[in-house]
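*Asks:* model this:
(one chain, ligands or ions: 1)
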Amino acid sequence: MADTLKILSVESSAQTAGSVTRKLSKQLIETLSGKNGGAEVVVRDLNQPLEFIDETWVGANYTAPEQRSEEQKARLALSDKLVAELQAADVIVIGSPIYNFSVPATLKAWIDLVARAGVTFRYTEAGPEGLLKGKKAYVLVASGGVPLGSDFDYNSPYIRQFLGFIGITDVEFIAADGLMTKGDEAVSAAEAAIKAVA
Ligand SMILES: Cc1cc2nc3c(=O)[nH]c(=O)nc-3n(C[C@H](O)[C@H](O)[C@H](O)COP(=O)(O)O)c2cc1C
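*Replies:* Just a heads-up that it's a prediction; the model follows:
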């Protein structure tokens, strides 16, 4: 019997009730689960206590693992946990509303915490190499007015770049963009795209 599909759901909308990205994430996870005979789902809600990296964190990260003090290890504990969640997942589902043309600050904080040299990426003579291989990511983007892929979309190209940097190159975006003008039509288009996922 094949192993159960492991999904990591990363939610970054500040809103819960009425959040379009949260609703779409749920639908996508149900679809993926249905198509794969079930799934193990870990939810990482970035509205829950998160932290920003700071001088102590960067110092701990730059210290070789075997030389880290207990304090430094403790400072990296959340980052270690977030990285372990990514490493364990076959599929990553990211809900990413467009906030002020880019990603929510919580999602950027998560990105800072999972970008770990020697763990999720490394530098080689040939350039950077992502270390999270063989994974698929879906990114659910919602916006009030900014169309996905437009000149003012600093959300989706950034997420694609970052995921590629850590080795996740198989990335599919599903957008409910332009909600202020398209309304339900934008959500329906995203729902249709979710139904059509392989
Ligand atoms: C703080 C904040 C900033 C936003 N900034 C933008 C923006 O720059 N461009 C845009 O098109 N929509 C913007 N919006 C609209 C959201 O992208 C839209 O409401 C989306 O549905 C939010 O995702 P959610 O429904 O999952 O919470 C913003 C909304 C909020 C709350």
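
*Asks:* now for the longest helix along the chain, which elements pack on it?
*Replies:* As assigned by DSSP state H, the longest helix anywhere in the chain is helix 20-35. Counting contacts by 3 or more Cβ pairs under 8 Å, 6 or more residues apart in numbering; DSSP states H and E, helix 20-35 is packed against strand 5-11, strand 39-45, strand 91-97, strand 136-142, strand 170-176, helix 184-195. Bear in mind the C-beta positions are built from the backbone N, C-alpha and C, glycine included.

*Asks:* and the pLDDT at A2?
*Replies:* What the model reports for A2 is a pLDDT of 69.

*Asks:* picking up where we left off before, mind giving me a markdown table with the helices and strands packed on helix 20-35 and columns for mean pLDDT, mean neighbour count and distance to the ligand?
*Replies:* Shown next, in a markdown table, are the helices and strands packed on helix 20-35 (pLDDT from 0 to 100; neighbours: other Cβ atoms under 10 Å; distance: least, Cβ to the nearest ligand atom, whole Å):
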| stretch | mean pLDDT | mean neighbour count | distance to the ligand |
| --- | --- | --- | --- |
| strand 5-11 | 98 | 22 | 8 |
| strand 39-45 | 98 | 16 | 12 |
| strand 91-97 | 98 | 24 | 3 |
| strand 136-142 | 98 | 24 | 4 |
| strand 170-176 | 98 | 19 | 7 |
| helix 184-195 | 97 | 16 | 9 |
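
*Asks:* as JSON lines, those with distance to L148 would be great.
*Replies:* Output for these, formatted as JSON lines (distance: least, Cβ to Cβ, whole Å):
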{"stretch": "strand 5-11", "distance to L148": "18"}
{"stretch": "strand 39-45", "distance to L148": "23"}
{"stretch": "strand 91-97", "distance to L148": "11"}
{"stretch": "strand 136-142", "distance to L148": "6"}
{"stretch": "strand 170-176", "distance to L148": "4"}
{"stretch": "helix 184-195", "distance to L148": "10"}
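
*Asks:* what about the longest helix of the chain, distance to the chain center?
*Replies:* Distance of helix 20-35 from its chain centroid, counting by Cα atoms, centre = their mean, to the nearest Å, is 15 Å.

*Asks:* got the angle between it and strand 39-45?
*Replies:* Orientation check (axes from the mean of the first three to the mean of the last three Cα atoms, to 10 degrees): helix 20-35 against strand 39-45 gives 170 degrees.

*Asks:* average model confidence for helix 20-35?
*Replies:* Here helix 20-35 scores 98 as its mean pLDDT.

*Asks:* out of the helices and strands packed on helix 20-35, the one nearest Q67 is which?
*Replies:* Evaluated with Cβ to Cβ, these place strand 39-45 nearest to Q67, the distance being 29.0 Å.

*Asks:* show me what that closest one is in contact with.
*Replies:* Residues from elsewhere that reach strand 39-45 (Cβ atoms under 8 Å, 6 or more residues apart in numbering): 4-11, 29, 32-33, 82, 85, 88-89, 91, 110.
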